[in-house]
Structure formats: C-alpha cells, structure tokens
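Asker: Here is my input, please return the structure:
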Amino acid sequence: MISKMKWSLFLITLMGQCCFITGQVYSYHYINMSKTWSDAQNYCRQKHTDLATVNNMRDMKRLLSKRPVNKEEAWIGLKNHTDANRTWHWSLPWVEYKENKEKWSSGEPNDQGGVENCVRMHNRKWQDVLCSHKLKFVCYNGKNASKEFFPINEEKTWLEAQRYCRKNHTDLISGVWQTAKLFRNETVPADWERFWIGLFRDTWRWSNGFGSYFRHWDVEFKDQPGNCAKIMLDEDGLWRNGNCTEKKPFFCYEDKVILIKENKTWEDALYYCRKNYSDLVTITNRAEQRWVQEKAKNASTPFVWLGLRYTCTLDFWFWVSDEVVGYKNWDSEKTDECDMSGAMKSGGQHEWVKQMDNQTFNFICSKN
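Answerer: As a prediction, this is how the structure comes out:
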C-alpha cells in the first residue's frame, strides 16, 4: 500500500506514464479481401478479434472512416438467427430492456396482425404492431439538452421514424424512464392516441455474442432476402440484408481490453498491466462502459479493478491514464477515503464501486 507521504510523488508518476487513448477499447480494420460471411468471420477471429460489432453512431463514424473510395459494401458481424427467440431491444443503444408486464396493454405482445416487431404507445400502454404501419413519433434529444423530447407530427414507418430521429436528434424515445417523463411533462399533444416509441425485437445477433442492440438498417432494403448484414460504403453507412454465401470485403475489430483472471491488489494490478499491456482500463463514456462490462461478466471475483484512483491529498478521483472523470457510473455515494480505488461489479448492472486498494480482485487492462 502506498503511504500518504509518498502519494503526491506516486500520483505524478502514475499520470506521467499514461498511454491509453480515449475511445479505443476496440479498433476497426477494413479487410480488402472478398470472402463469404463465415470465411470473413474465421479470418477476423484468427487475425484480429472478430467481425465488426457496431454499438452506436460514434462507431458508425469510426467504421466509415476506414472505408475505401472504390468499394460499395462490406460485411459486418451481424447475422439473423432465424431459429432463435426474438429479443426486445430499445433503439437508444445504451438503454437495456427489462421485462415489465405492467407497461403492456392486456394480452400484448401478441403478433395479432402478423409478425409484429415494433411497438407503439396507446393510452400510455405498449402494443406490438407491424413495423410498416405509419404513425407519429417522439424523438429524444439527450438528457442534458435544453429540450429533451420532440413530438414529430408526421406519420412514418418505425424504421423511417428511427432514421429521422437519429439524423435530426439523438434517437427514438427509449426506456421506461423516458416515456414516464414524457407524460409527466405533458409533452405529447392531447389528441395523439398512438405514436411510435423506440422498442423493437428481432433475431439478429452479433458474431462476438455481445449484447449490442444498435441497428442501422436501410429503410428500403431491410427485408430483402439474406441473413447476413452488409454495410453500404457511402456517407450514411446504412445496412442491408445480404446472402451469406456472397463474397465481399469486410470489417474486423480488434479488442483493446483484456480481463486478467488473477487476484491482485489495485497497485499490483496497475503494474501488471503496465508491464504486460498498456494500463489499467479507462472508461470515458457509456459505449466504453458497455464494452468493458462484457469483459467483467467473465470475472471470478465480485469486482474487477479499473484504472480509477482517489487521492486524499488533492481530494478527487482520477483515471491513471490522465483522463478527467467526466462520465460516471457509481453505485453509491460511499465516503471517499485514502487508499481507495475504483472497481466495477462483475454482475448486476456493473456499476462502479469504491474499494480499499489492498483488496484483491481480477482486473481489466487496456492494450497498446
């Protein structure tokens, strides 16, 4: 354990050695080779980590920054498992769906009109309907925006509504807390009986098995034949169905974080990461949180160390990579004490917890 007298010098040493690059918990690689989807998957798993998983619009921009100028489309790691159960997701990528029967209208969801994979709000209850229906909808513009919700008085299909919201705001309104706040603020016009919300279900799964719910389908080509997803290599980067046996170039991703299943104190974990990889992991946004928590799920300890440390000398929390602690995901407001470091719960909602750094846990390193 580091004594308080030595802490200021240690802090300078920690911050002076940083080499973690923000937003790089995974990186993308465009592979200019024509392969079937399965062969592309095998190549990515051998040479990198897996076929590309896309988690949000930020990832879309990063992916498209790698695209060549003379190609039209490429495989990504999304595949339709037609024999799997349909799973409910919220359109806003970081919002997780939790079963809540009280929110559904009586007897819903029921596929009464066919294969009903999209959800509308009716009398403050959810109803599954065909995604091809045209309804008004509500866009979400971010929690800290001056105006959080935008009712759009135009009738569109669910996919058209989603695309409109992502282009002009952030996304379709998503999550129980958002819909509840919508009615508390009386944002929806009184004469609106039905409107889209950002809840949908499908049988599409990512190659790496991660729980990413982000979809970016081309409205006109969503239901074309084919069970593998390809991305169009233009400015929009919309996705279309493709025949999995067709040969195309593809995108791989390379994982930049690794779970170490050894029990170490925070300081020993820090030195281990710096000796063998790059550093203890830094988390600066929700996308990185979701990526790192997928690793934490496989830990053998109830918590995993992060590169998060408290200095009682200067009275603040900091990342050892020299990043400011802007994004936060604390479980509670436990009193800050000397010799405390930050860890993530390996189960549940994977919140951050404050632990005495002489405890021994698994830990997550960032790679070069």
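
Asker: other SSEs contacting the helix or strand where residue 294 lies?
Answerer: Assessed by DSSP states H and E, residue 294 sits inside helix 286-296. Packing contacts for helix 286-296, counted by 3 or more C-beta pairs under 8 Å, 6 or more residues apart in numbering; DSSP states H and E, involve strand 257-264, strand 303-311, strand 340-345, strand 361-366. No exception for glycine: its C-beta is placed from N, CA and C like everyone else's.

Asker: Next SSE downstream of the longest one?
Answerer: In other words, strand 303-311. Next element after strand 303-311 (DSSP H and E): strand 316-319.

Asker: Mind listing what's buried along that following strand?
Answerer: Buried residues in strand 316-319, counted by 16 or more other C-beta atoms under 10 Å: 317, 318, 319.

Asker: next one: stretch 102-111
Answerer: Residues of stretch 102-111 classed as buried: 103, 104, 105, 108, 109 (neighbour count, 16+ other C-beta under 10 Å).

Asker: Return the member of those residues nearest to residue 146.
Answerer: Of all the buried residues of stretch 102-111, residue 146 sits closest to residue 103, with 28.2 Å by C-beta to C-beta.

Asker: and the closest one, what does it touch?
Answerer: Applying C-beta atoms under 8 Å, 6 or more residues apart in numbering, we find residue 103 in contact with 125, 126, 176.

Asker: are any of these buried, and which?
Answerer: 126, 176.

Asker: Return the subset of the contacts of residue 103 lying in helices.
Answerer: The members of the contacts of residue 103 that map onto helices under DSSP state H are residue 176.

Asker: how near is residue 182 to residue 121?
Answerer: Distance of residue 182 to residue 121, given as C-beta to C-beta, to the nearest Å: 9 Å.

Asker: Throw the helices and strands packed on helix 286-296 into JSON lines and include mean pLDDT and distance to residue 70, thanks.
Answerer: Shown next, in JSON lines, are the helices and strands packed on helix 286-296 (pLDDT from 0 to 100; distance: least, C-beta to C-beta, whole Å):
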{"stretch": "strand 257-264", "mean pLDDT": "97", "distance to residue 70": "33"}
{"stretch": "strand 303-311", "mean pLDDT": "95", "distance to residue 70": "41"}
{"stretch": "strand 340-345", "mean pLDDT": "95", "distance to residue 70": "43"}
{"stretch": "strand 361-366", "mean pLDDT": "97", "distance to residue 70": "34"}
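
Asker: Among the ones you listed, which comes closest to residue 149?
Answerer: Across those, residue 149 has its closest neighbour in strand 340-345 (31.1 Å, C-beta to C-beta).

Asker: just to revisit the earlier point, adding pLDDT, write the buried residues of stretch 102-111 out as CSV.
Answerer: Conversion of those to CSV gives the following (pLDDT from 0 to 100):
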residue, pLDDT
103, 92
104, 95
105, 94
108, 93
109, 94
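
Asker: got TSV for those residues, with secondary structure and distance to residue 45 too?
Answerer: Formatted as TSV, the buried residues of stretch 102-111 follow (DSSP: H, G, I helix; E, B strand; the rest coil; distance: C-beta to C-beta, whole Å):
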residue	secondary structure	distance to residue 45
103	helix	39
104	strand	39
105	coil	44
108	coil	40
109	coil	35
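
Asker: circling back: going by distance to residue 284, which of the contacts of residue 103 wins?
Answerer: Out of those, the member with the shortest distance to residue 284 (by C-beta to C-beta) is residue 176, at 26.4 Å.

Asker: Just the pLDDT for the closest one.
Answerer: We have a pLDDT of 89 for residue 176.

Asker: how far away is it from residue 227?
Answerer: Counting by C-beta to C-beta, the separation of residue 176 from residue 227 is 32 Å.

Asker: Could you tell me which residues make contact with residue 208?
Answerer: Neighbours of residue 208 in contact, by C-beta under 8 Å, 6+ apart: 49, 50, 51, 53, 77.

Asker: Of the residues you listed - the most surrounded one?
Answerer: residue 51 (28 neighbours; other C-beta atoms under 10 Å).

Asker: host element of the nearest residue to that one once chain neighbours are set aside?
Answerer: Once flanking residues are discounted, residue 51 sits nearest to residue 77: 3.1 Å by C-beta to C-beta, 6 or more residues apart in numbering. In this assignment (DSSP H and E), residue 77 forms part of strand 73-80.

Asker: What strands line up against the helix or strand just after that strand, and which way round?
Answerer: Using DSSP H and E, the helix or strand that follows strand 73-80 towards the C-terminus is strand 87-90. Strand 87-90 sits in its sheet next to strand 194-202 (antiparallel), going by DSSP bridges.

Asker: Residue 168: which of the buried residues of strand 316-319 is nearest?
Answerer: Using C-beta to C-beta, the buried residues of strand 316-319 come closest to residue 168 at residue 319, 33.7 Å.

Asker: Let me see the contact set for the closest one.
Answerer: By C-beta under 8 Å, 6+ apart, the contact list for residue 319 reads 20, 282, 284, 307, 308, 309, 325.

Asker: mind checking pLDDT for the first one?
Answerer: What that stands for is residue 20. You'll see residue 20 listed with a pLDDT of 37.

Asker: show me where the stretch 151-300 of the chain has helices.
Answerer: Under the criterion DSSP state H, counting those that start in this stretch, helices of the stretch 151-300 of the chain are mapped to 158-168, 176-184, 266-276, 286-296.

Asker: For this structure, name the helix or strand with the lowest mean pLDDT.
Answerer: Between all helices and strands in the chain, the lowest mean by mean pLDDT, DSSP states H and E belongs to helix 4-16, at a mean of 43.
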